[in-house]
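1. quick one, what's the 3D model for this:
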Amino acid sequence: MPGTVQSIERAAAVLRLLAQSARPLGVVEIANALSLPKGTAHGIIRTLHSVGFVAQDSRSGRYRIGSGLLRLHEPPLDHNELRACAMNWTDTLAARTGEAVRIGVLTAPLELTVVHHVFRPDDSVQVMEVGRVLPAHACALGKAVLAYHPDSPALLRDAALEPFTPRTVTSGRSLLGQLSTVRERGWAADVEEFTGGEAGIAVPIRDHGGAVVGAVGLAGAPQTVCDGGRNPRPRLAVHVMETARAITGELAIRRE
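-> Prediction:
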């Protein structure tokens, strides 16, 4: 059975010490209290500071518990807040690409619910999809979220997935391979995997702490979303990535 990880134990000790102290503490004080080398203590504190678990006083240079640690107790992001942060950016994405734009969140292990939908900016007949449930394994939005979900390896490793078209990935192991590619390039795609005549590109949205809370993506005809080889167009992926970054930034500002 594997043992404990010393660096994590030391980081936990630093956090406990700061939480128990009535005043901010300096690096030397922390090192002495925990019998740590000064360089080791400084490295731990610097790392905890980078993720928001420790804050530094601008005047004294001493350290205290950070707001990032306190926010671990915050309730999950409300879908209305996500829509409010995303509205302007999704409208812009639809206008720039000429495609419909959706935001989805994972609401069950392999189900994604559309919580925001911007129509394609043309005169065609379209149906509002807010509230629609999509199979996460067969759409770009779902793949963008599953790629960063901690339960995906265990959930998908031996899974047999439901086919919706001849192009649907039905092997969990094959899907895990696709999710690895999503993490490498930063975006997910599907080409007629759930609905014939539709292709999509999606990118995860992160909250102020870096956790993936949903995905934003565009959807349209394969002829416009993909090139002649049925590969998603990179320039569209760039637009979606820019939108996801903007929404993530908006969430961070609103949660400060």
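2. most distant residue from the middle of this protein?
-> Asn32 (38.7 Å; CA atoms, centre = their mean).
3. buried stuff in the host helix or strand of that residue?
-> Assigned by DSSP states H and E, Asn32 belongs to helix 27-34. For helix 27-34, a neighbour-count test (16 or more other CB atoms under 10 Å) marks Val27, Glu29, Ile30, Ala31 as buried. For every residue, glycine as well, the C-beta is placed using N, CA and C.
4. quick check: mean pLDDT of that helix?
-> Per-residue pLDDT over helix 27-34 has a mean of 92.
5. and that helix, what does it pack against?
-> helix 6-20, helix 38-50 (3 or more CB pairs under 8 Å, 6 or more residues apart in numbering; DSSP states H and E).
6. what's the most buried one of those helices?
-> Neighbour counts (mean count of other CB atoms under 10 Å) averaged over each of the helices and strands packed on helix 27-34 peak at helix 38-50, with a mean of 16.
7. hmm, who's touching it?
-> Helix 38-50 has contacts (CB atoms under 8 Å, 6 or more residues apart in numbering) with 7, 10-11, 14-15, 27-28, 30-31, 34, 36, 54-56, 63, 66.
8. low-confidence ranges, the chain, go.
-> Low-confidence segments of the chain (pLDDT under 70): 1-3, 70-77, 254-256.
9. so the residue most central in space within it bridges to which residues?
-> Geometric centre of the chain, nearest residue: Val212, 2.3 Å, by CA atoms, centre = their mean. With DSSP bridges as the criterion, Val212 is bridged to Arg206.
10. all helices for the stretch 151-256 of the chain, in order.
-> All helices of the stretch 151-256 of the chain, identified by DSSP state H, counting those that start in this stretch, fall at 152-156, 172-185, 222-225, 234-255.
11. closest one to Val114 among the ones you listed?
-> Val114 lies closest, by CB to CB, to one member of these: helix 234-255, at 15.3 Å.
12. in terms of secondary structure, what does the closest one contact?
-> Helix 234-255 packs on helix 79-97, strand 199-206, strand 212-220, going by 3+ CB pairs under 8 Å, 6+ apart.
13. go again with 10 Å.
-> helix 79-97, strand 100-108, helix 140-146, helix 172-185, strand 188-191, strand 199-206, strand 212-220, helix 222-225 (3 or more CB pairs under 10 Å, 6 or more residues apart in numbering; DSSP states H and E).
14. among these, which is nearest Leu251?
-> Per CB to CB, nearest to Leu251 of the helices and strands packed on helix 234-255: helix 79-97, 5.2 Å.
15. tell me how far that closest one is from the chain's mean position?
-> Put simply, helix 79-97 sits 16 Å off its chain's centre (CA atoms, centre = their mean, to the nearest Å).
16. okay, buried residues for that helix please.
-> Using 16+ other CB under 10 Å as the test for burial, helix 79-97 gives His79, Leu82, Cys85, Ala86, Trp89, Thr90, Thr92, Leu93, Ala94, Arg96, Thr97.
17. wait, the last one sits on Glu242?
-> No - counting by CB atoms under 10 Å, Thr97 sits too far from Glu242 to count as a contact (11.1 Å).
18. show me what contacts the closest residue to Asp91 other than its chain neighbours?
-> The shortest distance from Asp91 to any non-neighbouring residue, by CB to CB, 6 or more residues apart in numbering, is to Val118 (5.8 Å). With contact set as CB atoms under 10 Å, 6 or more residues apart in numbering, Val118 has these partners: 86-87, 89-95, 99-103, 218.
19. kindly recompute the last result at 6 Å.
-> By CB atoms under 6 Å, 6 or more residues apart in numbering, Val118 lies in contact with Thr90, Asp91, Ala94, Val101.
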